[in-house]
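**Q** Here's my sequence, what's the structure:
(one chain, ligands or ions: 1)
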Amino acid sequence: MEQKITIDESLSLDKKEETLLHEIIEALSGYYSLNLEHDVITTLGFGLYQVLKDNKLNF
Ligand SMILES: [Zn+2]
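**A** Here you go, the predicted structure:
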């Protein structure tokens, strides 16, 4: 099984990174049958993005 995330190249770098996190959480929610509500995915994506960015975490 293959899943591919495609991100609009016209977005700003910040928006691309935030969108990637959102899409990863959305994919994990599906893969692990978490059935997260979309607003929860959006909140987690945004919160996680802020924490990673504010703490300059790259891994
Ligand atoms: Zn979404």
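**Q** Let me know the pLDDT of Tyr31.
**A** At Tyr31, the model reports a pLDDT of 93.
**Q** try the one 5 residues further on
**A** The confidence metric pLDDT takes the value 97 at Leu36.
**Q** now Glu2
**A** Per-residue confidence at Glu2 stands at 86 (pLDDT).
**Q** so who does it touch?
**A** For Glu2, no contacting residues are found, by Cβ atoms under 8 Å, 6 or more residues apart in numbering. Any C-beta I mention is one placed from the backbone N, CA and C, and that applies to glycine too.
**Q** and it, how far is that from Ala27?
**A** Glu2 sits 11 Å away from Ala27, going by Cβ to Cβ, to the nearest Å.
**Q** Over to Leu20?
**A** For Leu20, the distance to Ala27 equals 10 Å [Cβ to Cβ].
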